[in-house]
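**Student:** sequence and predicted structure, then a few things I'm wondering about:
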Amino acid sequence: MRRRSALILSLSALLVLTGCATDAGDDAAAPTSEPTASPSVETSGVDAAAEQQAQAWLDAAVVPPGAVRVADSPASFHSNQGWPCRPVAELEGYWTLADSTVAGAANWLRENPTADLVSTAGGSPWEEDPNLDGVLVGYIPADESQQGIVYTVSKAVSGVAIRAEVAALSASATCPSLAPGEMWGKPGQG
């Protein structure tokens with residue numbers, strides 16, 4: 001009797017697990033879109049002023065000399081900036097820079113602010129290191145702001161790839177409440 005119970009339980013578990021692992025059909029397929037220089041999130045509730053500000057910041061993006069703008073993501077970026085406040089207009093832009101290092105491009109971005117934005121990078125410049133494969137450099141319009149540009153510099157086959165994640169808050173934007181003593185990190189600080 002014990003063998004029969006164990007067999008029935010084993011078969012039941014197998015059927016349940018098999019049902020969880022089967023394809024649910026075309027309606028449940030994973031999204032296949034690639035990041036582009038277009039809005040990266042749903043823009044529901046985003047006002048025109050936020051869309052214009054995001055585009056102005058992207059248009060004013062300052063990248064190292066020799067960087068070439070590309071339409072699609074030229075590399076696998078291993079992080080994404082989470083913009084906590086909503087609604088927010090978000091855009092992305094991409095560049096490639098041949099014969100550069102991650103540290104070299106990141107330090108250049110750090111020393112050359114975009115538009116009227118203020119750097120969130122603290123500490124010393126990045127040292128040249130062949131193992132350094134990615135760096136974030138953030139710029140915001142004012143201290144404690146949750147909008148601006150976060151550049152991600154990532155190692156590529158023949159140089160580096162640069163992504164600019166841009167966010168501009170709508171006039172009606174609100175940020176989720178935090179527990180007492182907690183605060184949002186500055187964009188670009190990981």
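**Tutor:** That came through fine.
**Student:** which residues of this protein fall in helices?
**Tutor:** In the chain, the segments counted as helices under DSSP state H are 2-21, 48-59, 102-111.
**Student:** elements contacting the second one?
**Tutor:** Think helix 48-59. Contacting helix 48-59 under the criterion 3 or more CB pairs under 8 Å, 6 or more residues apart in numbering; DSSP states H and E are the following elements: strand 86-98, strand 148-156, strand 159-174. C-beta: built from backbone N, CA, C; applies to glycine.
**Student:** check these for me and report the most buried one.
**Tutor:** Ranked by mean neighbour count under mean count of other CB atoms under 10 Å, the helices and strands packed on helix 48-59 are led by strand 148-156, which reaches a mean of 25.
**Student:** name every strand pairing with that one and say which way it goes.
**Tutor:** strand 134-140 (antiparallel), strand 159-174 (antiparallel) (DSSP bridges).
**Student:** and that strand, how far out from the chain's middle?
**Tutor:** Chain-centre distance of strand 148-156: 9 Å, with CA atoms, centre = their mean, to the nearest Å.
**Student:** got it, and stretch 81-100?
**Tutor:** Centroid displacement of stretch 81-100 relative to its chain, using CA atoms, centre = their mean, is 6 Å.
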